[in-house]
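In: here is my input; please provide its structure:
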Amino acid sequence: MKNKRVESAEEAVADIFDGAFVMIGGFGRGGVPEVLIDAVCDKGVKDLTVISNNTGTRETGIARLLKAGCVKKMMCSFPLATESNVFRDLYNAHKVDLEVVPQGSLAERIRCGGAGIAGFLTPTAVGTELAKGKQVIELDGREYLLELALRADFALVRAKQVDGRGNLTYRMAARNFNPVMATAADTVIVEAIEDVPVGGLDPECVITPGIYVTRYFVSGTYKSQM
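Out: Prediction:
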């Protein structure tokens, strides 16, 4: 099987195009593929729709994408966390669009996208502004929203270990959205801390099988630019 490793973050993100839908793993600062995000900023792509849990911290992660003018729309659960000042300023200036998705619904929409399921019913957000334009279905006297599956052109994923076949492990809570996003994109690009030989991972510890991974880059430990 072909080794999926590339030697630079620039090579890893080379095919990301203007207007793409991009899922980006992470929760707060944990599990965020910072080096890949930096490479996307340097590439200068525009009009991305970014699907993630939040909008970045200060000027790192997705906040850097926003500040660089790469993002047209955010789809996320927590757009206005305490340190999300970059997004807040852009949104107030009408320079970026926003679709808020409750966190459980976001995770399940992505999971459905990876599993080939068209959508699911949930009582979450019924009767709120987030239900606007969505189909409401009543079952056994209770109303549910029909939430549709989410897929993306690309997923940027942060892993702890990777082998040459693309099998992945994650570090504790840095796992978060990364595994489910790796199932729901046409091209899955991984930033890993450590490369190990094929056969070097215990199969029982592999969270994302390499069949989902398109290519990976080994970054080592990321040093914050904050």
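In: going forward, measure contacts between C-alpha atoms and count neighbours the same way
Out: Will do.
In: show me the shaky parts of this structure.
Out: In the predicted model, the chain carries pLDDT under 70 at residues 1, 221-226.
In: what ranges does it have for its strands?
Out: Ranges of strands within the chain are 21-24, 48-51, 71-76, 97-100, 119-122, 136-139, 142-148, 152-163, 168-169, 185-196, 215-218, based on DSSP state E.
In: as a markdown table, these with mean neighbour count would be great.
Out: Output for the strands of the chain, formatted as a markdown table (neighbours: other CA atoms under 10 Å):
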| stretch | mean neighbour count |
| --- | --- |
| strand 21-24 | 26 |
| strand 48-51 | 24 |
| strand 71-76 | 21 |
| strand 97-100 | 15 |
| strand 119-122 | 16 |
| strand 136-139 | 13 |
| strand 142-148 | 18 |
| strand 152-163 | 25 |
| strand 168-169 | 25 |
| strand 185-196 | 22 |
| strand 215-218 | 25 |
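In: any chance of TSV for those strands, columns distance to V13?
Out: Shown next, in TSV, are these (distance: least, CA to CA, whole Å):
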stretch	distance to V13
strand 21-24	11
strand 48-51	13
strand 71-76	16
strand 97-100	24
strand 119-122	29
strand 136-139	39
strand 142-148	28
strand 152-163	9
strand 168-169	19
strand 185-196	7
strand 215-218	9
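In: among those, which is nearest V35?
Out: strand 185-196 (7.3 Å; CA to CA).
In: run me through the strand neighbours of that closest one, direction for each.
Out: strand 152-163 (parallel), strand 215-218 (parallel) (DSSP bridges).
In: point to the residue nearest the middle of this structure.
Out: Nearest to the mean C-alpha position of the chain, by CA atoms, centre = their mean, lies I24 at 2.2 Å.
In: about what we covered before: reformat the strands paired with strand 185-196 as CSV; add distance to L66.
Out: Shown next, in CSV, are the strands paired with strand 185-196 (distance: least, CA to CA, whole Å):
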stretch, distance to L66
strand 152-163, 16
strand 215-218, 23
